[in-house]
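Asks: Can you look at this prediction? I've put the sequence above it.
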Amino acid sequence: MTRSMNAVRCAMLVLPALLAGCAAGPDFHRPAAPEVKAYQSEPLPAPDADAQRLVAAMEIPAQWWTLFHSQPLNALVDAALAANPDVAAAQAALHAARENAYAQQGAFFPGVEASINPTRQKTAGALSAVPSSGAYIYNLHTAQLGISYVPDVSGGNRRQVESLQAQAEVQKFQLEATYLTLASNVVNAAVQEAASRAQIEATEAMIRNQSKTLDSYRRQFALGQLAEADVAMQEAALAQMQAALPPLHKQLALARDLLKALSGAYPDQDRLANFSFDDINLPDELPLSLPARLVEQRPDVRAAQAQMHSASAQIGVAIANRLPNISIDGSFGSAAPKFSQLFDAGSGFWNLAANITQPIFQGGTLLHRQRAAEAVYEQAAAQYRSTVIVAFQNVADTLHAVQADTDAWKAAAAAERAALRSRDIARRLVQLGSISTLEQLGVETNWYQAEINLIQARANRLADSVALLQALGGGWWNRADVAVSDRDAAQPDAAAASR
């Protein structure tokens, strides 16, 4: 009995080593980074004292939102990352993908099953009695251990495991993309809330000024100093300004609702801080990663690359299915009329069998499945190239927006300063009696309008900063829980220097 068990065990261990060969299908090679030297065809203009500096090869922190130097914002992003259900869903998808890969690795090992089968049976009288006792009615107890194994001769299972591991990589980078998108949406919503509050304050001040102007017009009309048409024009101007206020309140309410949803709360739960421009600071410096590093930093590009890897491995699976398949089965056990006699001398049995199967004719099914797998790989490769192109487009678009909105902010700031000087001069002239209070209110209204334009220009600059950090990948590779291999891939220059 012991010798038979050893024979089966040795066969299971030695045959795979003898039969295993190279894995079928192509080996995947990571696509080379595109030979792109810059994100724009024209060089970026030299920054001035009022512009943000774009620092080439500047490292992006893992918690990139801290660049805005806002403690309430940092706390809100951290809360959203912890409570948002989209993050939980992406984490579960990653866990499931990894477990599927682990499950497929089980096919590398033999399958072992144990069974005990007690029976009571009767042999027909026309036949000879089965047990040695000569009884036609008897009990039979069988204990058996079965072992089955399919050596991965053509490497089909290795390719299947490789494909599933690549799918886990897809889910991992989709999780990183979820983190990045969520953090970006939170920061943008906070900026929108701050801008809405500031615009509401300025608009309400303008409405107060316009109301005072209308009151003055009505008094002058009653005294016969103004025509009714002048009063009507001022009423229309006030009504137009009042009409601008509800959309701003709506914009503020939507921003608050969005922040609640992003942080995993419901609309009636208002535990969030109120954001103003005093809470969010524009970063003085923005990182600008080298173009050669962008494909390693962007989660969507890395996910597309992993999808391409998975499709490549599936070609090997399809090829392996057309090659010979070897299976080995063995069993050993004991049979006795009484349970207590199991494993007694002379009760043992064993068998060992091997089977080789070669597909010969399947109506072209296996061939077309291989061709389909090759077409899926070509599709994944094209989608990868498209994702890379879009990634570079995102960075280029954001850089154009940074430059244009910086220029717009400079113009708005200059207009606001001029309007402010004009307001101050008008206030002094009113004190001297050189102009009327009515004229002063008109000047102050112009200043409030310039201030609203400056608020929107600042909000655009903050949104551009978020967009650039998001377009560059967000610094996920600098988190402590990221694998060293991924960190080195996203930082090729630093990795090479360390070696």
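Replies: Cool, got the structure. Numbering: from 1, shown residues only.
Asks: in the chain, which spans are helices?
Replies: 2-19, 71-83, 85-105, 156-222, 228-243, 245-262, 291-297, 299-320, 365-432, 437-471, 484-490, 492-498 (DSSP state H).
Asks: Most tightly packed of those?
Replies: helix 299-320 (a mean of 23; mean count of other Cβ atoms under 10 Å). The way it works is simple: take the backbone N, C-alpha and C, and place the C-beta from them, glycine included.
Asks: helices or strands up against that one?
Replies: In terms of contacts (3 or more Cβ pairs under 8 Å, 6 or more residues apart in numbering; DSSP states H and E), helix 299-320 is packed against helix 156-222, helix 291-297, helix 365-432.
Asks: what about the protein, any weak spots by pLDDT?
Replies: Flagging of the chain using pLDDT under 70 yields the residue ranges 1-21, 43-51, 437, 484-485, 487-489, 491-499.
Asks: If we use 50, what do you get?
Replies: 1-20, 493-499 (pLDDT under 50).
Asks: Now distance to Pro72 too, for the helices and strands packed on helix 299-320, in CSV please.
Replies: Shown next, in CSV, are the helices and strands packed on helix 299-320 (distance: least, Cβ to Cβ, whole Å):
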stretch, distance to Pro72
helix 156-222, 8
helix 291-297, 28
helix 365-432, 24
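Asks: Between the ones you listed, which one is closest to Gln121.
Replies: helix 156-222 (40.8 Å; Cβ to Cβ).
Asks: mind checking how far that closest one is from the chain centre?
Replies: Here helix 156-222 is found 18 Å from its chain centre; the criterion is Cα atoms, centre = their mean, to the nearest Å.
Asks: what inclination does it have with respect to helix 299-320?
Replies: If you take axes from the mean of the first three to the mean of the last three Cα atoms, to 10 degrees, helix 156-222 sits at 150 degrees to helix 299-320.
Asks: Quick check: which helices or strands does helix 156-222 pack against?
Replies: Helix 156-222 packs on helix 71-83, helix 85-105, helix 228-243, helix 245-262, helix 299-320, helix 437-471, going by 3+ Cβ pairs under 8 Å, 6+ apart.
Asks: got the ones you listed as TSV, with distance to Tyr217 columns?
Replies: Shown next, in TSV, are the helices and strands packed on helix 156-222 (distance: least, Cβ to Cβ, whole Å):
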stretch	distance to Tyr217
helix 71-83	44
helix 85-105	54
helix 228-243	5
helix 245-262	21
helix 299-320	58
helix 437-471	8
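Asks: closest to Leu259 out of the helices and strands packed on helix 299-320?
Replies: Of the helices and strands packed on helix 299-320, nearest to Leu259 by Cβ to Cβ is helix 156-222, at 4.9 Å.
Asks: Can you tell me how far the spatially most central residue of the chain is from Gln91?
Replies: Using Cα atoms, centre = their mean, the residue of the chain that lies closest to the mean C-alpha position is Ala177, 1.9 Å off. Applying Cβ to Cβ, to the nearest Å, the value for Ala177 to Gln91 is 13 Å.
Asks: Spatially nearest residue to Gln370, not counting backbone neighbours?
Replies: Nearest-residue entry for Gln370: Ala318, 3.9 Å, with adjacent residues in sequence omitted and distances by Cβ to Cβ, 6 or more residues apart in numbering.
Asks: what's near enough to touch the one you found?
Replies: By Cβ atoms under 8 Å, 6 or more residues apart in numbering, the contact set of Ala318 is 25, 366, 369-370, 372-373.
Asks: ok, back up a step: in this structure the residue nearest to the centre of the chain contacts Ala304, no?
Replies: No: with contact defined as Cβ atoms under 8 Å, Ala177 does not reach Ala304; the gap is 10.8 Å.
Asks: how close does Gly224 get to Leu441?
Replies: 21 Å.
Asks: oh sorry, the question was meant for His249
Replies: As judged by Cβ to Cβ, His249 and Leu441 stand 24 Å apart.
Asks: And for Asn281?
Replies: 33 Å.
Asks: What are the contacting residues of stretch 157-165?
Replies: Stretch 157-165 has contacts (Cβ under 8 Å, 6+ apart) with 23-25, 28, 97, 100-101, 104-105, 107-108, 150, 152, 309-311, 313-317, 320.
Asks: Tell me, how many residues neighbour Leu472?
Replies: Other residues near Leu472 come to 24 when the count uses other Cβ atoms under 10 Å.
Asks: Ramachandran angles for it?
Replies: Here is the backbone geometry of Leu472 (degrees, to the nearest 10): phi -90, psi 0.
Asks: quick one: it and Val395 touch, right?
Replies: Yes: if you go by Cβ under 8 Å, Leu472 and Val395 touch, sitting 6.7 Å apart.
Asks: Now do the shared contacts for the two.
Replies: Leu294.
Asks: Now do the closest residue to Ser216 other than its chain neighbours against Leu290, distance only.
Replies: Leaving aside its chain neighbours, Ser216 sits nearest to Leu438 (5.1 Å; criterion: Cβ to Cβ, 6+ apart). As for Leu438, its distance to Leu290 is 59 Å (criterion: Cβ to Cβ).
Asks: same question, Ala189
Replies: Taking Cβ to Cβ, one finds Ala189 at 31 Å from Leu290.
Asks: For Arg423, give me its contacts.
Replies: Arg423 makes contact with 443-444, 446-447 under the criterion Cβ under 8 Å, 6+ apart.
Asks: Which one of the residues you listed is nearest to Leu73?
Replies: Nearest member of these to Leu73, counting by Cβ to Cβ, is Trp447, at 29.2 Å.
Asks: Just put the helices of the chain in JSON lines and tack on distance to Gln358.
Replies: Putting the helices of the chain into JSON lines (distance: least, Cβ to Cβ, whole Å) gives the following:
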{"stretch": "helix 2-19", "distance to Gln358": "14"}
{"stretch": "helix 71-83", "distance to Gln358": "53"}
{"stretch": "helix 85-105", "distance to Gln358": "24"}
{"stretch": "helix 156-222", "distance to Gln358": "14"}
{"stretch": "helix 228-243", "distance to Gln358": "80"}
{"stretch": "helix 245-262", "distance to Gln358": "57"}
{"stretch": "helix 291-297", "distance to Gln358": "43"}
{"stretch": "helix 299-320", "distance to Gln358": "12"}
{"stretch": "helix 365-432", "distance to Gln358": "11"}
{"stretch": "helix 437-471", "distance to Gln358": "53"}
{"stretch": "helix 484-490", "distance to Gln358": "39"}
{"stretch": "helix 492-498", "distance to Gln358": "46"}
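Asks: for these, which one sits closest to Ala135?
Replies: From the helices of the chain, taking Cβ to Cβ, the stretch that ends up closest is helix 2-19, at 28.5 Å.
Asks: Please list the outside residues in contact with stretch 381-393.
Replies: Stretch 381-393 is contacted by residues 31, 34, 36, 39, 291, 294-295, 298, 300-301, 304-305, 307-308, 311, 471 when judged by Cβ under 8 Å, 6+ apart.
Asks: now with 10 Å?
Replies: For stretch 381-393, the external contacting residues (Cβ atoms under 10 Å, 6 or more residues apart in numbering) are 31, 33-34, 36, 38-40, 291, 294-295, 297-298, 300-309, 311-312, 471-473.
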